[in-house]
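Peer 1: Starting from these lines, generate the structure:
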Amino acid sequence: MADKGLSPDQLIAALLEGKSRREMMVILARLEHGGANIYQSFAASERNEKARAALLAGAEREEQNSALLKTMTQVKDKCEKCGKLLAPPAPAQCCSFQCTFCPDCADNMKHVCPNCSGELTARSL
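Peer 2: Numbering: from 1, shown residues only. Just a heads-up that it's a prediction; the model follows:
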C-alpha cells in the first residue's frame, strides 16, 4: 500500500502535493479528527492517570484543530449581512474563516470582515 521507503513526513507531503490550500486544509481537518480518535484509543488503555489525562487533552486539541479547519473550509451560500443567496459560482467575498458577503456588502464594509477584522477577498473554491 504505502511505500516503506518514505518517512511519515514524506507520506503526508505526498498526500498534500499538488493540492490547493483549501484541499490541503480539508485533508488536514480529517487527519486531525483521526488523530483525536487515536489519542482517545491510547487513553482508553492507559493505566497511568496522568498519562491518560494528557492523552485525552491531546485528543481535545486535535478535535479543536479539526473544527477550526472545517470552519475555514466550509463554503457558505448566502451573505451574512443582507442574506442575498450566493451559491457557487456566484461571486462572493470571504475572510480566512469563510465569513461570506456579497460584493456590495463587502464594498460597504471596505473589505474588512466585521467578525474577525480579516480582509475580505474574492471567494475561491
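Peer 1: from here on, contacts and neighbour counts on C-alpha atoms
Peer 2: Will do.
Peer 1: buried stuff in the helix or strand containing Glu32?
Peer 2: Taking DSSP states H and E as the criterion, Glu32 maps to helix 21-44. Going by neighbour count (16 or more other CA atoms under 10 Å), the buried part of helix 21-44 is 22, 24-37, 39-40, 43.
Peer 1: so what's Gly83 up against?
Peer 2: For Gly83, no residue meets the contact criterion (CA atoms under 8 Å, 6 or more residues apart in numbering).
Peer 1: Make 56 the starting number, not 1.
Peer 2: From this message on, residue numbering opens at 56, which makes the last subject Gly138.
Peer 1: Buried residues of whichever strand or helix holds Asn120, list them for me.
Peer 2: Assigned by DSSP H and E, Asn120 belongs to helix 104-128. Within helix 104-128, the residues that count as buried by 16+ other CA under 10 Å are 107, 110-121, 124-128.
Peer 1: what does that helix rub up against?
Peer 2: 77, 80-81, 83-88, 90-95, 97-99, 101, 151-153.
Peer 1: same thing with stretch 79-98?
Peer 2: With CA under 8 Å, 6+ apart as the criterion, stretch 79-98 contacts 71, 106-108, 110-111, 113-118, 120-122, 124-125, 128.
Peer 1: redo that, cut-off 6 Å
Peer 2: Outside stretch 79-98, the residues within contact range by CA atoms under 6 Å, 6 or more residues apart in numbering are 71, 107, 110-111, 114, 117-118, 121, 124.
Peer 1: Just put these in JSON lines and tack on pLDDT and distance to Pro146.
Peer 2: Formatted as JSON lines, the contacts of stretch 79-98 follow (pLDDT from 0 to 100; distance: CA to CA, whole Å):
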{"residue": "Leu71", "pLDDT": "95", "distance to Pro146": "27"}
{"residue": "Arg107", "pLDDT": "98", "distance to Pro146": "48"}
{"residue": "Leu110", "pLDDT": "98", "distance to Pro146": "44"}
{"residue": "Leu111", "pLDDT": "98", "distance to Pro146": "42"}
{"residue": "Ala114", "pLDDT": "98", "distance to Pro146": "38"}
{"residue": "Glu117", "pLDDT": "98", "distance to Pro146": "33"}
{"residue": "Glu118", "pLDDT": "98", "distance to Pro146": "32"}
{"residue": "Ser121", "pLDDT": "97", "distance to Pro146": "27"}
{"residue": "Leu124", "pLDDT": "97", "distance to Pro146": "22"}
